[in-house]
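Trainee: Sharing a sequence plus its predicted fold:
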Amino acid sequence: MNEAIEQPLEVADAVAAITSQYDFRLTPYLRELLRGRSAADPLASQFLPDARELDALPYENADPIGDKTFSPVKGIVHRYPNRVLLKILHSCPVYCRFCFRREMVGRRGEALNEAELGAAVEYVRGRSEIWEVILTGGEPLALSNRRLANILGSLSEIPHLSVLRIHSRVPTVNPDRIDAACARVLQQSLPVYLVAHVNHPEELTPSAKRALQVLADSGVVLLSHTVLLKGVNDDPKVLETLFRQLVRLKVRPYYLHHGDLAPGTSHFRVSIEKGQELMRVLRGRVSGLCQPTYVLDVPGGFGKVPIGPLYVGARDSCGARDVLDYQGNAHRYPE
């Protein structure tokens, strides 16, 4: 595996076929972190090409959550009435092998030029129902501090906006990007929430922890989202450790995502039943601070829905229900 990471991956025919279809990139930090790990390692499998990526299933979709359907202007996805995505660029410092936008980023993506970015901001300015803007892409923190400050500053001046949110993989794949200067950029007149993408406890290295601490100390509100991945984190002990460590770092677990139906990603997806059972087990192991919402993005752009386990049964003939406790024991609840 050392050789596989150190040498150009294009030397292998199988890998060349994958990387000709889906982009591959590692940061120097991540390359060093993966050194010596097997292909099945929970970190390496997230980032290194796998021949199974070429096996797309008939129901998998190049646009699994309907970005294009709900894009009124380039760079904007307006799926919910009161919030929009602003896709400010198309590149990432790394390309996760399970990415739901794998057909839209890297060489297949289209970056916004200045005029297009201006039109996207004006779209937000012209719609008073928009309360929150979520910067995504691509990787928002791949922008320079100057450009990111200009974008955040322009959005902060829009009177009807209340919250800015940034979704980022940078704290765990390129933590040196997060420094005091970057943190100052995120100090805006509007509250900035940063949602860090973290899937496994081993991603929380000393460098990653330092990056998150810099952000927390600067006043940025930190959340996390995690993608449920077979062979990576589909284990209650792994998720318990991850969520406990995040909360210790002042990062509130926000979403546990069920894998989207992106082409060539079926080997990462677990069943919904497995995900629900994991959430049921976690309910008894960690406090509410450590509990993300288990969600599925309905294919076609119909939004996220919580799909966690049900604890309340239907009413019986007497009007009572069975309610399950965290251990799975049923209790009668009269109404």
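Mentor: Received it, and whenever you're ready, just let me know what you need.
Trainee: Just confirm T69 contacts G300, I think it does.
Mentor: Yes - contact criterion Cβ atoms under 8 Å: T69 and G300 qualify, at 7.2 Å. Heads up, the C-betas are built off the backbone N, CA and C, glycines and all.
Trainee: joint contacts of the two?
Mentor: Listed as contacting both T69 and G300 by Cβ atoms under 8 Å, 6 or more residues apart in numbering is no residue at all.
Trainee: contacting residues around C318?
Mentor: P334.
Trainee: Relative to N329, how far out is it?
Mentor: Using Cβ to Cβ, to the nearest Å, C318 is found at 20 Å from N329.
Trainee: cool, and G137?
Mentor: From G137 to N329 the distance is 46 Å (Cβ to Cβ).
Trainee: Who has more neighbours out of the two?
Mentor: Set side by side, G137 and N329 show more neighbours around G137, with 26 against 9, by other Cβ atoms under 10 Å.
Trainee: quick one: the strands in this structure?
Mentor: Per DSSP state E, the chain has strands spanning 76-80, 83-87, 132-136, 163-168, 192-197, 221-227, 251-257, 293-297, 304-306, 320-324, 330-334. These are given in chain order.
Trainee: and those strands as a markdown table, adding distance to C96 and mean neighbour count?
Mentor: Below are the strands of the chain laid out as a markdown table (distance: least, Cβ to Cβ, whole Å; neighbours: other Cβ atoms under 10 Å):
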| stretch | distance to C96 | mean neighbour count |
| --- | --- | --- |
| strand 76-80 | 19 | 19 |
| strand 83-87 | 16 | 23 |
| strand 132-136 | 14 | 21 |
| strand 163-168 | 12 | 20 |
| strand 192-197 | 8 | 22 |
| strand 221-227 | 8 | 20 |
| strand 251-257 | 12 | 21 |
| strand 293-297 | 16 | 19 |
| strand 304-306 | 19 | 12 |
| strand 320-324 | 35 | 15 |
| strand 330-334 | 40 | 11 |
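Trainee: Tell me which of those lies nearest to A51.
Mentor: strand 221-227 (20.7 Å; Cβ to Cβ).
Trainee: so what strands line up beside the closest one?
Mentor: Counting by DSSP bridges, the strands paired with strand 221-227 are strand 192-197 (parallel), strand 251-257 (parallel).
Trainee: what's the distance between it and the middle of its chain?
Mentor: 7 Å (Cα atoms, centre = their mean, to the nearest Å).
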